[in-house]
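Asks: can't give you the sequence, but here's the structure:
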């Protein structure tokens, strides 16, 4: 008894049942409809009606997408304006608080009975505040850089080796 492999049976089945020409439901493809419409005027009218309906549907779909895109852009612009206004209000409040705090500190520094004039005390207070802020900013930045450079399980020291990482051309 001679048995055929599954592949041979599958190839025979594909050769006897071609997949081109007709759709699985038995309907003709667009090319088949056009070929039949050339010889039959009723089918030509049907084909023209189908194509005009497709064109109208495509045009309506494009118009709807354009309108939706326009609405989304307008909503985004309004949202951006709201965010800008909110940030501006927060900035103005922060500036007012900063100025009030600076005036309070300068007033209290001027009340100190020092041997230097009150204007010098205020100026030194402002310079000292700016220097301490800059020092705090620099310290935080260096700390975060150091922390990012530490090795971890996902960042072992061997993965940070300098030089060419490309294995091409290496023996």
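Replies: Thanks, I have it. Bear in mind that the values here come from a model prediction, so they are computed numbers and not experimental data.
Asks: Could you list the low-pLDDT ranges of the protein?
Replies: Applying pLDDT under 70 to the chain flags residues 1-4, 18-28, 30, 33, 36-37, 39, 151-171.
Asks: all strands in the protein, in order from the N-terminus.
Replies: In the chain, no strands are defined using DSSP state E.
Asks: now the helices for it?
Replies: For the chain, the helices defined by DSSP state H cover 6-16, 30-39, 41-111, 118-149.
Asks: could you redo these as CSV and give each row mean neighbour count?
Replies: Any C-beta I mention is one placed from the backbone N, CA and C, and that applies to glycine too. Below are those laid out as CSV (neighbours: other CB atoms under 10 Å):
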stretch, mean neighbour count
helix 6-16, 9
helix 30-39, 13
helix 41-111, 11
helix 118-149, 11
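Asks: Touching, residue 129 and residue 105? I think so.
Replies: Yes. Here residue 129 reaches residue 105: they are 7.2 Å apart, a contact under CB atoms under 8 Å.
Asks: Spatially central residue in this protein, please.
Replies: Centrality entry for the chain: nearest residue to the mean C-alpha point is residue 76, 14.7 Å, by CA atoms, centre = their mean.
Asks: Give me the distance between that residue and residue 66.
Replies: Distance, residue 76 to residue 66, using CB to CB, to the nearest Å: 16 Å.
Asks: and what of residue 134?
Replies: Using CB to CB, residue 134 is found at 52 Å from residue 66.
Asks: cool, residue 60 as well?
Replies: In terms of CB to CB, residue 60 sits 11 Å off from residue 66.
Asks: just residue 116 next, same as before
Replies: Taken as CB to CB, the span from residue 116 to residue 66 is 71 Å.
Asks: Equivalent analysis for residue 72, please.
Replies: If you go by CB to CB, the gap between residue 72 and residue 66 works out to 11 Å.
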